[in-house]
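Engineer: Sharing a sequence plus its predicted fold:
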Amino acid sequence: MLKQKLRKIYKEKRNSLFDTENLSLDIANKTLDLDIWNFQNYHVFFPIEKQKEVDSRLIIQIIQGKDKNVVLPKLNFESNSIDSVLLTDSTLLKTNHLGISEPLNGIQINNNQIDLVFVPLLAFDNSGHRVGYGGGYYDKFLSECPNAIKVGLSYFDPINKIEDINSKDIKLDYCITPKKVYEFSE
């Protein structure tokens with residue numbers, strides 16, 4: 001299926017969900033099944049609540065409980081890129097025009113210092129390709145973090161195949177759903 005059609009289908013599927021709180025909790029708990037907790041810098045998105053994204057704040061709590069660094073994305077609309085900002089007690093957050101909470105200030109981290117990225121998505125396939133909102137922010141960002149482990153978060157199981165993958169699309173290493181952790185090999 002093509003990305004544009006998948007975006008429409010999965011936005012509708014997500015909007016029809018009622019119990020995203022428990023589904024997000026199941027996903028957060030599944031992160032504990034992965035051997036990913038020996039790193040230092042974990043990049044985590046804040047959910048767009050109006051889009052019913054997976055509540056990644058639960059994963060942020062796990063990371064902080066393990067005394068690791070949480071790094072937040074800040075969209076740079078001029079360069080169509082993502083900057084990485086360390087979350088500290090003094091980090092101020094503001095919701096941007098897309099409904100995403102992001103840091104107003106803070107310590108910027110080089111993208112090549114990111115060890116693991118929790119990646120937002122609408123849908124993914126059995127090969128680890130993902131469909132986002134279509135802006136290209138995360139594919140560009142992930143290409144700047146070549147050694148980072150890429151972990152998608154999804155309420156839904158994978159589809160068989162995304163048909164219009166291109167050379168700029170960056171594959172996931174894992175995707176976590178409420179019931180299962182999917183692992184993708186090269």
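Structural biologist: Looks like it came in fine.

Engineer: Centroid-nearest residue for the protein?
Structural biologist: Residue closest to the mean C-alpha point of the chain, counted by C-alpha atoms, centre = their mean, is Val119 at 1.8 Å.

Engineer: can I assume that residue is in contact with Ser154?
Structural biologist: No: contact between Val119 and Ser154 fails when scored by C-beta atoms under 8 Å: they sit 9.7 Å apart. Yep, even glycine has a C-beta here, placed from its N, CA and C like the rest.

Engineer: what comes up buried for stretch 63-82?
Structural biologist: Residues 63, 68-75, 81-82 are the ones in stretch 63-82 that count as buried (16 or more other C-beta atoms under 10 Å).

Engineer: Which two of those have the greatest separation?
Structural biologist: Within the buried residues of stretch 63-82, Lys68 and Ser81 form the most distant pair, 24.2 Å apart (C-beta to C-beta).

Engineer: so where do the helices sit in the protein?
Structural biologist: Assigned helices in the chain, in chain order: 3-15, 20-31, 57-65, 137-143 (criterion: DSSP state H).

Engineer: Show me what stretch 59-73 is in contact with.
Structural biologist: The contact list for stretch 59-73 (C-beta atoms under 8 Å, 6 or more residues apart in numbering) reads 27-28, 31-32, 37, 39-46, 82-87, 91, 102-103, 106, 109, 114, 118, 141, 153.

Engineer: Just the mean pLDDT for the biggest strand by length in the chain, thanks.
Structural biologist: Ordering each strand of the chain by length in residues (DSSP state E) puts strand 69-76 first. In this model, strand 69-76 has a mean pLDDT of 96.
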